[in-house]
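In: return a 3D structure for these sequence lines:
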Amino acid sequence: MSDTMQQRAINQARGLAIDQVEKANSGHPGLPLGSSPMLFELMAKHMKFNPANPYWADRDRFVLSAGHASAMLYSMGYLFGYGYTIEDLKGFRQFGTHTPGHPDYDLARGVEMTTGPLGQGVATAVGMALGERRLAALFNTDEHEIFDHYTYALVGDGCLMEGVSAEASSFAGHLGLGRLIVLYDSNNITIEGNTEIAFTENVGQRYQAYGWDYHFVENGNDVEAVAAAIEAAKKVTDKPSLIEVKTNIGYMSPVQDSEKAHGSPLGAEGVRVTKERLGLDPDKHFHVDDDVLAYCRSAKDSCKATEQAWLEVVEAYIASSGDKGRQLQDYLEGKSVDLAALPGFADFDKAMATRETSGVCLNRWSVADPLLIGGSADLASSTKTEVKDSGWIARGDFAAKNIHYGVREHGMGAIANGLALMGLHSYCATFMVFTDYMRYSIRMAALMKLPTLFVMTHDSIGVGEDGETHQPIEHYASLRIIPHLWFWRPADGRETAAAYSTWHREGPTVLSLSRQKLALLENSSVEDARKGGYVLAEANVSDNKPAIILLASGSETEIAFGAYKTLADEGVSVRVVSMPCMEAFEAQSAEYKESVLPKAVKKRLSIEAGSTISWRFYVGEEGYCLGLDHFGASGPASVLYQEYGLTAANAARIAKELLAQ
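Out: Numbering: from 1, shown residues only. Predicted coordinates for the structure are as follows:
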C-alpha cells in the first residue's frame with residue numbers, strides 16, 4: 001500500500017513521537033501512532049511549503065487542531081527540515097524548549113497557530129481559508145495568480161464535539177470555502193472510553209448537511225487511499241471537504257484501541273513492544289536512518305522552485321499593477337495604516353455614543369485600508385460595524401470587506417483570529433456581555449499576540465431595559481486580567497480614535513463601547529488618551545498634589561467630570577483622570593504615571609459601572625471604588641444609574657466624605 005521508504009519514514013516518525021513522550025514521562029502517544037501515515041502523506045506529497053522559508057505567503061497552511069498530538073507535529077517538522085533538532089525533541093514538554101506540550105504559534109518551525117483547546121484549531125483554520133479567498137479576490141488577476149493555496153487541519157473526535165467547531169464549520173459550508181480540507185482522525189476513543197458513551201452521531205452526514213464535501217477512508221494506514229481522498233477533495237472547489245480516516249489509537253502498542261493510549265506514556269516495555277511491531281530497533285531512541293532523513297528532506301525540494309517562480313510573478317505584479325502592486329508589497333512587508341496620521345480621523349464635534357464614534361473611526365479606517373475585514377454576530381446595525389465603502393462577502397464572492405458571521409460569537413472570534421493569522425486587518429463585533437461566549441477565542445488571540453480587534457458594544461447598565469442578562473458587570477475586570485490584551489473603554493470620540501490608533505500591536509484589543517450618547521469632553525485628547533490614562537481636568541492644584549483624584553473610564557468619565565465641577569466650585573483641590581485603558585497606562589514610564597497619579601495623594605475615588613476589583617490597585621486603602629459588585633436590573637438607563645448611585649452628585653458626596661476622614 002506504500003513504498004518501502006515512505007513506510008520506513010512513517011514508522012520512524014512514530015518512533016520519534018513515542019520517544020518524546022517517554023522521555024518527558026508526559027504526553028499523548030496514541031494519536032501520533034494512529035495518524036502519522038495520513039500526516040506524512042499530506043506533507044510529503046500534497047502540501048505546498050518550503051521549510052527553508054516557512055514565511056512564504058502562498059504556502060499551504062496546516063493546523064493541528066488536535067494539539068495534544070504535538071509530538072507528531074514536531075517529529076514531522078524535524079523530518080521535513082524545519083528548525084527542529086534532535087535535542088529539541090529530547091526537550092519535549094520541558095521549560096524553555098521549542099517543543100511544548102501543545103503547539104505554540106511558531107512559523108519558523110511550521111507551527112501555524114497555537115492549538116490544544118479542542119475545536120479552536122479547526123475553527124481558526126476556517127478563518128485562514130477565508131483569508132486566502134479574500135487575498136485572492138483582492139490581488140489575483142488573469143495574468144498574475146498571487147494567492148492559490150489550501151488550508152488543511154487535522155481534527156479528532158473531541159474537536160468535532162466542541163461547539164466552536166460546529167459554529168465555524170456551519171459558516172464554512174455556508175460560504176463554500178473550497179480550499180479548506182479537514183482530515184478527521186476517527187478512532188472512536190476519548191479520555192473516558194469509547195465514543196459510544198457520548199458521541200454517536202453520523203459526523204459525515206452532519207458535515208454534508210453543513211454543505212461540506214465528504215470522503216471516507218476505511219484504513220488510516222492505507223496512504224494510497226488517503227492520497228486519493230485528498231486529491232478528490234482538492235477537485236471540489238465550491239465546498240470545504242471533510243475526510244474521515246479510520247485509525248487505531250496507539251497503533252501497534254499494547255494499549256491499541258484503548259483510552260489508555262490517549263494521554264499517558266507507554267512505559268519502557270510498551271515502547272519496546274511497539275517499536276518491535278513497527279520494525280524499529282527497540283534499543284535505538286530518537287533515531288532516524290540517514291537515508292530516511294535524506295528522503296524526507298528532499299521531498300520538498302520542488303517547492304523551492306515553486307516559490308521562486310511565485311516570487312517572479314509577485315515581482316512582475318508589483319512592477320506593473322500600480323496601486324494594487326503597492327498594496328501587495330505593503331501586505332507582504334506587514335505594513336499597516338497609521339490611523340493617527342489620517343487627516344480628520346479623530347474629528348468629532350458633538351455628543352455621540354461611543355459605538356457610533358467607533359463606527360465613524362472604522363469607516364474612516366476602511367477608506368484607507370484594503371486589508372481591513374470583519375463583521376459582527378448578526379448585530380452590525382447595533383454595533384455600527386458595517387463599512388460603507390464595501391459590500392458583503394458571499395458564497396463565491398470574496399471581494400468585499402464586510403462579513404455576516406450570523407449568531408456565532410465563539411466561532412466568529414476564532415475565524416477573526418484566522419484572518420489575522422493571514423495578515424489581514426481583522427475585527428469582529430457583538431455585545432460586551434457575549435464576550436463570555438467567545439472568551440477562549442479572545443484568549444487565543446492573546447496567547448498568539450494577534451492584533452485581532454474585538455468591538456464590543458452595549459457595555460454597561462446603560463443597555464437599560466434589556467435587563468441583567470444583557471448588562472455586563474464582571475466583564476471589564478475579567479478581560480483586563482488577560483495577558484497581552486488591551487481593554488479600552490473610551491469616554492468620547494477622541495478617546496475612541498485613540499483606542500483605534502493603537503490596534504496594530506502585539507496582542508488583541510477589546511473596545512468597550514456605550515449604547516447611550518456621551519458628551520464630547522472638554523480637554524479630552526487623542527495624544528494623551530493613547531497613554532491609557534491622563535489628566536483630563538484639575539482645579540485648585542499646586543505642586544502636582546491635588547487633595548483628591550477622581551478616576552473613571554467610558555461613560556462614567558462624564559459623571560466624574562460633573563462631580564469635579566461641583567468640587568472645584570466649592571474650592572476643593574481636585575483632579576480628574578480619564579483611564580480608558582489600564583494596560584496602556586501601565587506601559588508608560590514610572591515618571592509619567594507618577595505625574596498623573598502621585599503616590600502622595602491617597603484620597604482617590606474611582607467611578608465605573610462594573611465590578612470594582614480592577615480599580616482597587618489604583619485607589620488604595622484610603623480610596624473608594626464606586627461601581628457595581630452585583631448584577632443589574634431591567635429599567636431605563638437613567639433610572640438604573642440613579643438607583644445605583646452612579647451620579648455626579650453622589651460621586652461628589654463620596655469625595656467630600658473621603659476628604660473629611
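In: G462 is in contact with Q516, correct?
Out: Yes: using Cβ atoms under 8 Å, Q516 is in contact with G462, at 4.4 Å. For every residue, glycine as well, the C-beta is placed using N, CA and C.
In: mutual contacts of the two, please.
Out: 555, 637 (Cβ atoms under 8 Å, 6 or more residues apart in numbering).
In: quick one, which of these two is more surrounded?
Out: G462 (24 against 20; other Cβ atoms under 10 Å).
In: L419 versus T151, what's the distance?
Out: For T151, the distance to L419 equals 12 Å [Cβ to Cβ, to the nearest Å].
In: likewise for T141?
Out: 22 Å.
In: ok, A446 next?
Out: A446 is 16 Å from L419, by Cβ to Cβ.
In: run through who's touching stretch 554-565.
Out: Contacts of stretch 554-565 (Cβ under 8 Å, 6+ apart): 354, 459-460, 462, 489-492, 512, 514, 516, 518-519, 521-522, 536-537, 539, 550-552, 574-576, 578, 580, 607-609, 641, 646-649, 651-652, 655.
In: is it true that M432 touches V455?
Out: No: taking contacts as Cβ under 8 Å, M432 lies outside contact range of V455: 9.8 Å.
In: span of stretch 106-113 from start to end?
Out: 7 Å (Cα to Cα, to the nearest Å).
In: before we move on, back to that, which neighbours do M432 and V455 share?
Out: Joint contacts of M432 and V455 (Cβ under 8 Å, 6+ apart) are L513.
In: sorry, back to before: T141 and L419 - which one has more neighbours?
Out: More neighbours surround L419 than the other of T141 and L419, with 27 against 11 (other Cβ under 10 Å).
In: excluding its backbone neighbours, what's nearest that one?
Out: S426 (3.8 Å; Cβ to Cβ, 6 or more residues apart in numbering).
In: which residues touch the closest residue to S553 other than its chain neighbours?
Out: Closest residue to S553 apart from its sequence neighbours, by Cβ to Cβ, 6+ apart: R489 at 4.1 Å. Contacts for R489 (Cβ under 8 Å, 6+ apart) come out as 459, 476, 512, 553-554, 580-581, 608.
In: out of these, list just those in strands.
Out: Here DSSP state E is the test, and the contacts of R489 give S512 as lying in strands.
In: grab the two from the contacts of R489 that are most spread out in space.
Out: D459 and C581 (13.8 Å; Cβ to Cβ).
In: how about the CA coordinates for whichever strand or helix holds E312, as PDB?
Out: Assigned by DSSP states H and E, E312 belongs to helix 301-320. What follows is helix 301-320 as a C-alpha-only set of coordinates in PDB (Å, rounded to 0.1, in the frame of the first residue of the first chain):
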ATOM      1  CA  ASP A 301      12.900  20.300  -3.000                       C
ATOM      2  CA  SER A 302      10.400  21.000  -5.800                       C
ATOM      3  CA  CYS A 303       8.700  23.600  -3.600                       C
ATOM      4  CA  LYS A 304      11.900  25.800  -3.700                       C
ATOM      5  CA  ALA A 305      11.400  26.100  -7.400                       C
ATOM      6  CA  THR A 306       7.700  26.700  -7.000                       C
ATOM      7  CA  GLU A 307       8.400  29.500  -4.500                       C
ATOM      8  CA  GLN A 308      11.000  31.100  -6.800                       C
ATOM      9  CA  ALA A 309       8.500  31.100  -9.700                       C
ATOM     10  CA  TRP A 310       5.900  32.700  -7.400                       C
ATOM     11  CA  LEU A 311       8.400  35.400  -6.400                       C
ATOM     12  CA  GLU A 312       8.900  36.200 -10.000                       C
ATOM     13  CA  VAL A 313       5.200  36.600 -10.500                       C
ATOM     14  CA  VAL A 314       5.000  38.800  -7.500                       C
ATOM     15  CA  GLU A 315       7.800  41.000  -8.700                       C
ATOM     16  CA  ALA A 316       6.100  41.400 -12.100                       C
ATOM     17  CA  TYR A 317       2.800  42.200 -10.400                       C
ATOM     18  CA  ILE A 318       4.300  44.800  -8.100                       C
ATOM     19  CA  ALA A 319       6.100  46.500 -11.000                       C
ATOM     20  CA  SER A 320       3.100  46.600 -13.300                       C
END
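In: who touches that helix?
Out: 48-50, 52-53, 56, 58, 139, 141, 144-146, 324-326, 328-329, 332.
In: ok, now with 6 Å
Out: The contact list for helix 301-320 (Cβ atoms under 6 Å, 6 or more residues apart in numbering) reads 48, 50, 56, 58, 144, 325, 328-329.
In: ditto for stretch 330-339
Out: Here stretch 330-339 has contacts from 57, 345, 365, 368-369, 500-501, 504, using Cβ under 6 Å, 6+ apart.
In: repeat that with 10 Å
Out: 55, 57, 135, 138-139, 146, 314, 318, 326-327, 329, 345-346, 361, 364-372, 422-425, 451, 497-505 (Cβ atoms under 10 Å, 6 or more residues apart in numbering).
In: per-domain residue ranges of the protein.
Out: Here the domain assignment for the chain is 4-302, 339-518, 531-660, based on automatic domain parsing.
In: how about these in CSV, adding mean pLDDT and distance to W310?
Out: As requested, these are exported to CSV (pLDDT from 0 to 100; distance: least, Cβ to Cβ, whole Å):
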stretch, mean pLDDT, distance to W310
domain 4-302, 98, 6
domain 339-518, 97, 16
domain 531-660, 97, 39
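In: by neighbour count, which of the contacts of R489 wins?
Out: P580 (32 neighbours).
In: now do the buried residues in stretch 514-529.
Out: 514-516, 518-521, 524-526, 528-529 (16 or more other Cβ atoms under 10 Å).
In: endpoint to endpoint, that stretch covers what distance?
Out: 17 Å.
In: and what of stretch 380-397?
Out: Span of stretch 380-397 from end to end, Cα to Cα: 20 Å.
In: can you list the buried residues in it?
Out: 380, 383-387, 390, 393.
In: from those residues, which two are the most distant?
Out: K384 and I393 (18.7 Å).
In: rewinding a little: a markdown table for the buried residues of stretch 380-397, including distance to R14?
Out: Formatted as a markdown table, these follow (distance: Cβ to Cβ, whole Å):
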| residue | distance to R14 |
| --- | --- |
| A380 | 49 |
| T383 | 49 |
| K384 | 53 |
| T385 | 48 |
| E386 | 50 |
| V387 | 49 |
| S390 | 49 |
| I393 | 41 |
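In: what segments of the stretch 501-650 of the chain are strands?
Out: 509-512, 517-518, 534-539, 548-552, 574-578, 604-607, 624-626 (DSSP state E, counting those that start in this stretch).
In: what would the ones you listed look like in JSON lines with distance to D106?
Out: Below are those laid out as JSON lines (distance: least, Cβ to Cβ, whole Å):
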{"stretch": "strand 509-512", "distance to D106": "23"}
{"stretch": "strand 517-518", "distance to D106": "43"}
{"stretch": "strand 534-539", "distance to D106": "37"}
{"stretch": "strand 548-552", "distance to D106": "40"}
{"stretch": "strand 574-578", "distance to D106": "39"}
{"stretch": "strand 604-607", "distance to D106": "40"}
{"stretch": "strand 624-626", "distance to D106": "41"}
